[in-house]
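Undergrad: Build me a model from this:
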Amino acid sequence: MGEPFNVLTRKARRSAEDARRVVQVWRDAYAVISTTETILTRAMDAAVDHGLSIWDAIILSAASEAGCRVLLSEDMQDGFNWGGVTIVNPFAPSPHELLDDLRGGVH
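TA: Model prediction:
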């Protein structure tokens, strides 16, 4: 929940109040898991082994723990797979096949 808030306020330049409302809607619509000791330990391993920032590694580790197959990110390496999660850049010139699957084949 912190990363979307951060992106909305810093990159999208939305007000903190607006970002909070958006994140609360997402929280109500989607499953949220806690950042556990296991997630943090796996995140440190991913950061060390693959040169990820700790924050990106925490997101990736939490996605893996939650059973996600796809993580949309323009900041991480498109196509990188770790812990059963594939990073997909939604803004890449050639969409990843997993993104096509999520869109139902619609471009």
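Undergrad: quick one: Asp100 is in a helix?
TA: Yes. Counting by DSSP: H, G, I helix; E, B strand; the rest coil, Asp100 is part of a helix.
Undergrad: Wait, His96 touches Gly79, no?
TA: Yes. Between His96 and Gly79 a contact is recorded at 6.5 Å, counting by Cβ atoms under 8 Å. For glycine as for every other residue, the C-beta is placed from the backbone atoms N, C-alpha and C.
Undergrad: Can you tell me the element Leu71 falls in?
TA: Per DSSP states H and E: Leu71 is located in strand 70-72.
Undergrad: partners of that strand in the sheet?
TA: The strands beside strand 70-72 in its sheet (DSSP bridges) come out as strand 85-88 (parallel).
Undergrad: Now tell me what touches the strand it pairs with from outside.
TA: Defining contact as Cβ atoms under 8 Å, 6 or more residues apart in numbering, one finds that strand 85-88 is touched by 60, 63-64, 68-73, 76-81, 96, 98-99.
Undergrad: just the buried members of those residues?
TA: Using 16 or more other Cβ atoms under 10 Å as the burial test, the contacts of strand 85-88 include 60, 63-64, 68, 70-71, 73, 76, 78, 96, 98-99 as buried.
Undergrad: how near is Gly83 to Asp75?
TA: Look at Gly83 and Asp75: by Cβ to Cβ, to the nearest Å, they are 18 Å apart.
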